[in-house]
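[1] Next comes the sequence, and after it the predicted model I'd like to discuss.
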There are 2 protein chains.
Amino acid sequence: MNPSQLIIKKRDRHSLSQEEIRYFISSFVKGDIEDYQMSAMLMAILLNGMSEEEIYWLTNEYIDSGVTLNFPESQGRCIDKHSTGGVGDKLSLMIAPLAAECGVMVPMISGRGLGHTGGTLDKLESIPGFQTQIPLDRFQEIVRENNFAIIGQSDNIVPADRKIYALRDVTGTIESIPLITASIMSKKIASGVDALVIDLKVGNGAFIGTMEHARQLAESISKIAMDFNKKIIIHFTDMNSPLGRYIGNAIEVIEAIEFLKGNMEPDLKEVTYQLVADMLILAGISENFDEAEIMMDQAIESGRALERFRKGIELQQGNPEVIDDYSLFPQPKHKIEIKAHRSGFIKNINSKGIGYALIDVKAGRKQTKDKIDYAAGLKLLKKVGDKVTKDELIAEIYYDNDHGNKAAKEIENCFEYSEDEITTTGRLLGTHK
Amino acid sequence: MNPSQLIIKKRDRHSLSQEEIRYFISSFVKGDIEDYQMSAMLMAILLNGMSEEEIYWLTNEYIDSGVTLNFPESQGRCIDKHSTGGVGDKLSLMIAPLAAECGVMVPMISGRGLGHTGGTLDKLESIPGFQTQIPLDRFQEIVRENNFAIIGQSDNIVPADRKIYALRDVTGTIESIPLITASIMSKKIASGVDALVIDLKVGNGAFIGTMEHARQLAESISKIAMDFNKKIIIHFTDMNSPLGRYIGNAIEVIEAIEFLKGNMEPDLKEVTYQLVADMLILAGISENFDEAEIMMDQAIESGRALERFRKGIELQQGNPEVIDDYSLFPQPKHKIEIKAHRSGFIKNINSKGIGYALIDVKAGRKQTKDKIDYAAGLKLLKKVGDKVTKDELIAEIYYDNDHGNKAAKEIENCFEYSEDEITTTGRLLGTHK
């Protein structure tokens, strides 16, 4: 087989066979196919698409490029939640310990911030000592001991995706349904889950802007899940305004801890409870949402979900005392108060704009090599639907560099107002059938 | 500007501005944009196309990446002929000296063999001592002195195209009309021509298989020529069977010398006379084909065109005695006679098949670094339309490695026969209006 002939085949809208996909991916991982050939192939895939069969073999080849974990003792209770990324999305920090406490095994492999969106690993690393790069053996031990662990993508799991993702990021080939499907599903299947709940975020602050595009991706993901015999539930959730009240790293962990202490921001509760309930139902632990809700309430009220998180921090070498003493987190040096520039009802808070503004104060990265300031971030004092008067405090930005004023100005412009009262609908936009 | 944003723009079918094209091409030439980003862009261009304006700026940027020659003394008589490549296509070897003798200045920048097609440079280099890589100053001097010179692409002329072409060759991005247009036109314009005649070959042995595709390319090329104020005539010529009787390197030069001595194979004469006549008309030297024909006949019959070629060889350090003594060319060690496996009329001679078979005996290259055997090649004793009886000699293959028998077998299979008499039409398929 010849790399350019295969590129030409996809370029000319023909389907690639299992053998051809295997050859192309495995040769690329070995270094026998060059980056410039892979990027031409990726663009051809993005523009010409792939059949379900091709996506299946691509996913399969991704999985076969590395090791596969499994948790046979889970007996169908090994379930992960995957989010497609958003602003203020600290859900994994609450969902993993809460689901674990309710009896689900959650071997979670997470990512870092990308563009304007935050990443679970960066947030966890704001906890002093917390390790996200730990050997897979140890990862499995922790999952077995505490029902959950959250680590970064290992070199051993799906190395093909890791290498290809880095290339997609710089060649305009991220937004391809076949490539997104193979990337998500290969990692989840390789991590040994029995079933999967997907939080497919839609809107201005997500990578997927429209319901139409979201439905296409959901359709592709659910087909591949079916092909691999994995049960799956896909929720569409709204990501036009930031989730919760805190956006950043340390402050999002604090918001998650507060949640587990029972101080639940309504939109966080709505999405967390729905996704964990789905995990419990897929695991056969609960029959329906109401049953699951009772279990979740008890796990929170008893403090057991919080203790599960505390143990998780300890097992990953973080300082568990942060749970009782937030001053142990990195602390911001400066604060700017942001005020409403007019009276009215808050109509929208542009989450993408906020995500990008916070990159200026190093809450996120411009480039992979950039260091994050874990203390930098934003607290929203007002949310969509709230009534404000001119000059009322609407947000506070925390920072420690020269760009605080610029970021504050940009964030101020992310608030849109309306004369009329705003009816807020929930975050849940429906599930993929 | 950001490379991936520009890739995404083209990916999403938007037009790139002059500034964006300039940034992308110049950054690539400087090494600031990586090969893998360029190949993703090239695939996006191939699949999504470019507007006339974009192709114009791309061509312009290619030209600006290097030096531009000019021949102000030509007063509109500086004209080149460009062929899109075929099998047995030694036309440049006759056209350059013949047009030069008739008063045209021909600064010809040629290429090497590519895939199954031969290259003018390889053919010329079969003349002992002949130099195709000479400094541009000297190239211009020779053109001024002898009205023609034929050299290889210099690092100084259109380096952007040189670098991009190498990448296209291995990423399945050759067959793009915008990229082909910019590649051809930039080189010709940078070489300082006033006008251009294009021999756009169509058929099995050409890179362009159908008239539909040929017309699209012709349309694109002629628009860009117009945008640069260059007069152009585009001929579509048939490349289903090999051109002339000889295919190889040294033997094609011999066929060209024979042509200039007045021994003109009819199909070679048909195309050569037409293209040179067009050059004379574009240069304002002849009013029409009939006038041009008289000049060409005189140039051949007087031996002046041959002497022009002899001087050209001498000026490029080749041994001009090859013209009178063909034994000075590299000589083949072995010969295999190929016989008709049945009686009938020859219906077709698959030129692509012959081109690939001759690569086995090193008349062409599999990879850029391969060395050519200048003595290897094929002589067709029978051509399309000829009547043959079983076991009659139809061709002879010359070679000096272990693959002669394999190649001979493949060539035998390139001959197609018919019970019925075959009416041959000429090579000229019309001009682009």
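    That came in fine, so what should we check first?

[2] Check which element follows the one helix or strand A:V29 maps to along the chain.
    Taking DSSP states H and E as the definition, A:V29 sits inside helix A:18-30. Going down the chain from helix A:18-30, the next helix or strand is helix A:35-48, by DSSP H and E.

[3] Now do that next one: which elements does it pack against?
    helix A:3-11, helix A:18-30, helix A:159-170, helix A:177-190, helix B:3-11, helix B:35-48, helix B:159-170 (3 or more CB pairs under 8 Å, 6 or more residues apart in numbering or on different chains; DSSP states H and E). Any C-beta I mention is one placed from the backbone N, CA and C, and that applies to glycine too.

[4] Now with 7 Å, please.
    Contacts defined by 3 or more CB pairs under 7 Å, 6 or more residues apart in numbering or on different chains; DSSP states H and E place helix A:35-48 against helix A:3-11, helix A:159-170, helix A:177-190, helix B:3-11, helix B:35-48.

[5] Minimum distance to B:K339: which of these has it?
    helix A:3-11 (34.1 Å; CB to CB).

[6] So for that closest one, what gets flagged as buried?
    Going by neighbour count (16 or more other CB atoms under 10 Å in any protein chain shown), the buried part of helix A:3-11 is A:P3, A:S4, A:L6, A:I7, A:I8, A:K9, A:K10, A:R11.

[7] what's the last one in contact with, if anything?
    It stands for A:R11. A:A44, B:M43, B:L46, B:L47, B:G172 (CB atoms under 7 Å, 6 or more residues apart in numbering or on different chains).

[8] just to revisit the earlier point, possible to save the helices and strands packed on helix A:35-48 as TSV with mean pLDDT and distance to B:L393?
    Shown next, in TSV, are the helices and strands packed on helix A:35-48 (pLDDT from 0 to 100; distance: least, CB to CB, whole Å):
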stretch	mean pLDDT	distance to B:L393
helix A:3-11	95	36
helix A:159-170	92	56
helix A:177-190	96	56
helix B:3-11	95	55
helix B:35-48	98	45
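
[9] mind putting the ones you listed in TSV, distance to A:L58 included?
    Listed next are the helices and strands packed on helix A:35-48 as TSV, based on distance: least, CB to CB, whole Å:
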stretch	distance to A:L58
helix A:3-11	11
helix A:159-170	9
helix A:177-190	4
helix B:3-11	20
helix B:35-48	18
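
[10] Would you mind confirming that A:I8 makes contact with B:T173?
    No - A:I8 lies out of contact with B:T173 (CB atoms under 7 Å); the separation is 9.0 Å.

[11] which residues touch the residue nearest to A:G172 when sequence neighbours are not counted?
    Once flanking residues are discounted, A:G172 sits nearest to B:I7: 3.4 Å by CB to CB, 6 or more residues apart in numbering or on different chains. With contacts defined as CB under 7 Å, 6+ apart, B:I7 is in contact with A:T171, A:G172, B:Q37, B:A40, B:M41, B:A44.

[12] show me where the stretch 251-400 of chain A has strands.
    For the stretch 251-400 of chain A, strands defined by DSSP state E, counting those that start in this stretch occupy the ranges A:334-339, A:344-349, A:377-380, A:387-388, A:393-399.

[13] so A:L47 makes contact with B:L46?
    No - checked against CB under 7 Å, the pair A:L47 and B:L46 is beyond contact range at 9.3 Å.

[14] Between these two, point out the one with more neighbours.
    Set side by side, A:L47 and B:L46 show more neighbours around B:L46, with 24 against 20, by other CB atoms under 10 Å in any protein chain shown.

[15] of the contacts of A:R11, closest to A:R310?
    A:A44 (49.1 Å).

[16] between the least confident helix or strand in chain A by mean pLDDT and helix A:177-190, how many degrees?
    One helix or strand of chain A scores below all others by mean pLDDT, DSSP states H and E: helix A:159-170, with a mean of 92. For helix A:159-170 against helix A:177-190, the angle by axes from the mean of the first three to the mean of the last three CA atoms, to 10 degrees is 140 degrees.

[17] Run through who's touching helix A:159-170.
    Here helix A:159-170 makes contact (CB under 7 Å, 6+ apart) with A:25, A:28-29, A:35, A:38-39, A:42, A:61-62, A:65-66, A:153, A:174, A:179, A:183, A:186-187, B:4, B:36-37.

[18] again, but for stretch A:400-412
    Contacts of stretch A:400-412 (CB under 7 Å, 6+ apart): A:332-334, A:336, A:338, A:341, A:353-354, A:357-358, A:360-362, A:373, A:375-376, A:378, A:395, A:397, A:399.

[19] Repeat the analysis, applying 6 Å as the threshold.
    Under the contact criterion CB atoms under 6 Å, 6 or more residues apart in numbering or on different chains, stretch A:400-412 has outside partners A:K333, A:H334, A:I336, A:I338, A:I354, A:A357, A:D360, A:V361, A:D373, A:I397.

[20] so can I have CSV of these showing pLDDT, distance to chain B and neighbour count?
    Shown next, in CSV, are the contacts of stretch A:400-412 (pLDDT from 0 to 100; distance: CB to the nearest CB, whole Å; neighbours: other CB atoms under 10 Å in any protein chain shown):
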residue, pLDDT, distance to chain B, neighbour count
A:K333, 95, 31, 12
A:H334, 97, 30, 14
A:I336, 97, 29, 17
A:I338, 97, 29, 22
A:I354, 95, 21, 26
A:A357, 95, 18, 26
A:D360, 93, 17, 22
A:V361, 95, 21, 28
A:D373, 96, 23, 23
A:I397, 98, 26, 29
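
[21] and the two most separated of those residues?
    The farthest-apart pair in the contacts of stretch A:400-412, when distances are taken by CB to CB, is A:K333 and A:I354, at 20.5 Å.

[22] then stretch A:319-330 to CSV, C-alphas only?
    Once non-C-alpha atoms are left out, stretch A:319-330 reads as follows in CSV (Å, rounded to 0.1, in the frame of the first residue of the first chain):
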residue,chain,number,x,y,z
ASN,A,319,-3.6,17.7,49.9
PRO,A,320,-7.1,16.7,51.1
GLU,A,321,-7.1,19.5,53.7
VAL,A,322,-8.1,21.9,50.8
ILE,A,323,-11.6,20.6,51.4
ASP,A,324,-11.8,22.3,54.8
ASP,A,325,-9.4,25.2,54.1
TYR,A,326,-9.7,27.0,50.8
SER,A,327,-6.7,29.1,51.7
LEU,A,328,-4.5,26.2,50.9
PHE,A,329,-5.3,26.7,47.2
PRO,A,330,-3.2,29.2,45.2
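
[23] Buried residues, it. List them.
    A:P320, A:V322, A:I323, A:F329.

[24] Against A:L380, how distant is A:I411?
    10 Å (CB to CB, to the nearest Å).

[25] Alright, I will stop here.
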